[in-house]
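Visitor: coordinates only, no sequence provided:
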């Protein structure tokens, strides 16, 4: 059991990294990965929402959706949207400083495909409560890792002399491609011994 | 590149004065409920319209997979792996999807061919899901088929596409042992695919694990079946007492066949 | 600013304001499922259908949707269409449905669809919204096909499963792996940027030539 949970965590974090291998959460990746600081905050907010989503998706699957599988997508997206709203309100109340720092990133998370993607993957693979939780933690850690790596590279390319056509998305995509190539190296890491 | 922040603003920012005097809460709730009801009706309709085709396809895929690994059985029974052992019936109140299933195949003369079992475990990139035919008495595999894998196209996906790799599993005795190509020296050895050693090894390991886990359960099920058969045929209560003796040689056979 | 005609509503999304290649929206499906032409095409058509259905209903009912809850209603409409699309795909093309996996459900969070509702369908007539949806949808299919053909032809040496180069071709496997997605789109965007810059430079030199004359 334990080794399986560890496998799920590392698989979601590096081998099948949500951003660089599964292409989930690219909007945030492209938009807010220009500073390491903001990348870290965005990552933290994502981990938080991912964990809550995983728990809610598990509860929905277990208690509600069995009777009505066709409501899956609708109920997931509604739950995610409401969760983000609630988290936003709670953080605003409890720690206004943190709220100011997270600012626009929180509501942005609703339309982040990584969150809905997590809920759907978890359902398709039939994960239980703990498996889902570790999956969410791994996915969150992976998102944060990708964001921070990307932000560090972008910070250091900020003042370099790139051709004018490559400024913007083109360059980001090529860098992401190289990072993704590097992450391919993690494949086989978790296939265990003979 | 449109900045996600602006995208969000246009997409989500509800105008600052949220409840203007001309929109009542009742109307908001009514609109949402109305939209929800329409969506629900549409979904239920689409669900029932597509369900037969989806179910038929799933059954067909399963039937084809079982047919492939058991070499065309005439019919098969679905059995459930319960905590107390393999059983043809579910305990009352249990849900079918909570239990692992095995499939017991018979040929046209109703002679048992073997079981189709599902094995799942980590591969090179992600989980590999296999179905394989297995004869628990002889301890031999009958054939394998990859159900799901995300192995590297062109290399690791040969476990699925390379027929010469797959046919090695037909009639081989478990536990399997992976060896390099051209180095096969013993009967239970499988030659790995060059360039896809990790994927091939993962297949062998997943199969071995599934065999170790399920073989005792399958044997126990077969013995129980034999016991029921004997009791019914001879309708002699003493026959049940003799069955444990009959179990031992089979078990011993198996151990010698699978070192 | 001149008023958009029906033709412009239709054509705008296909190339000049292409949702993927120009606005860089909806990257997740563009990169994730474009490893073969077939997957790209099915994904493109599914997204097209969802976009068309949502735009139609949103523009039809826009009078009755209070401003405060419009996003919720849009998402409800989109999610309904996505669920219907998913069930239809599973019933009609089960193999492709399996290959696309979770990404069909993720059409819900495709920024292109919600973006078109908010930016166009909520403010315009049914007819114009439908034209706009068809344009953007075709633009999306075009971008998907572009990615899918490049990746399949180079990565497998086939087009729609038909071998193109004979047995001696050694496929570039990296193109169908995740990095290939990023690199292909990156190269496409760089090429478009280069063409655009050349055109601008030509225009500038032509103008200065005129001035000199």
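Guide: Received, thanks. Bear in mind that the values here come from a model prediction, so they are computed numbers and not experimental data. Residues are numbered from 1 along each chain as shown, chains lettered A, B, ... in the order given.
Visitor: packing partners for the longest helix seen in chain C?
Guide: For chain C, the helix that runs over the most residues, judged by DSSP state H, is helix C:178-212. Contacts defined by 3 or more CB pairs under 8 Å, 6 or more residues apart in numbering or on different chains; DSSP states H and E place helix C:178-212 against helix A:169-184, helix C:27-32, helix C:126-156. All C-beta atoms are positioned from the backbone trio N, CA, C, and that covers glycine.
Visitor: is the last one positioned near chain A?
Guide: No: judged by CB under 8 Å from any CB of the partner chain, helix C:126-156 makes no contact with chain A; its nearest approach is 11.7 Å.
Visitor: and the residue positioned nearest the centre of chain C, how far from residue C:192?
Guide: Compute the mean C-alpha point of chain C, and by CA atoms, centre = their mean the closest residue is residue C:140, 1.7 Å away. Per CB to CB, to the nearest Å, residue C:140 is found 16 Å from residue C:192.
Visitor: which one is residue 30 nearest to, not counting chain neighbours?
Guide: Picking chain A for this. Distance criterion CB to CB, 6 or more residues apart in numbering or on different chains; nearest residue to residue A:30, sequence neighbours excluded, is residue A:172 at 5.8 Å.
Visitor: wrong one, chain C
Guide: residue C:20 (5.3 Å).
Visitor: count the residues that sit near the one you found.
Guide: Residue crowding around residue C:20 was assessed by other CB atoms under 10 Å in any protein chain shown; the count is 25.
Visitor: pretty sure it is in a strand, no?
Guide: No: using DSSP: H, G, I helix; E, B strand; the rest coil, the assignment for residue C:20 is coil, not a strand.
Visitor: residue A:88: which element?
Guide: Per DSSP states H and E: residue A:88 is located in helix A:72-94.
Visitor: and the contacts of that helix?
Guide: Outside of helix A:72-94, the residues within contact range by CB atoms under 8 Å, 6 or more residues apart in numbering or on different chains are A:48-49, A:52-53, A:56-57, A:60, A:64-65, A:98-99, A:102, A:106-107, A:109-110, A:115-116, A:119-120, A:123, B:39, B:43, C:72, C:75-76, C:79-80, C:82-83, C:86, C:105, C:108-109.
Visitor: chain B contacts on chain C?
Guide: Within reach of chain B by CB under 8 Å from any CB, chain C has these residues: C:23-25, C:35, C:64-69, C:71-73, C:76-77, C:79-80, C:83-84, C:87-88, C:90-92, C:94, C:111, C:114-115, C:118-119, C:155-156, C:171, C:173, C:176-177.
Visitor: for the longest helix along chain B, name the packing helices and strands.
Guide: Secondary structure of chain B per DSSP H: the longest helix is helix B:25-69. Secondary-structure packing of helix B:25-69 (3+ CB pairs under 8 Å, 6+ apart): strand B:112-122, strand B:127-135, strand B:140-148, helix C:70-92, helix C:94-100.
Visitor: between these, which gets nearest to chain A?
Guide: Evaluated with CB to the nearest CB, those place helix C:70-92 nearest to chain A, the distance being 4.3 Å.
Visitor: wait, does that closest one make contact with chain A?
Guide: Yes: legend: contact between helix C:70-92 and chain A by CB under 8 Å from any CB is shown at C:72, C:75-76, C:79-80, C:82-83, C:86-87.
Visitor: got those as CSV, with neighbour count columns?
Guide: What follows is these, written out as CSV (neighbours: other CB atoms under 10 Å in any protein chain shown):
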residue, neighbour count
C:72, 20
C:75, 23
C:76, 19
C:79, 27
C:80, 28
C:82, 27
C:83, 26
C:86, 23
C:87, 23
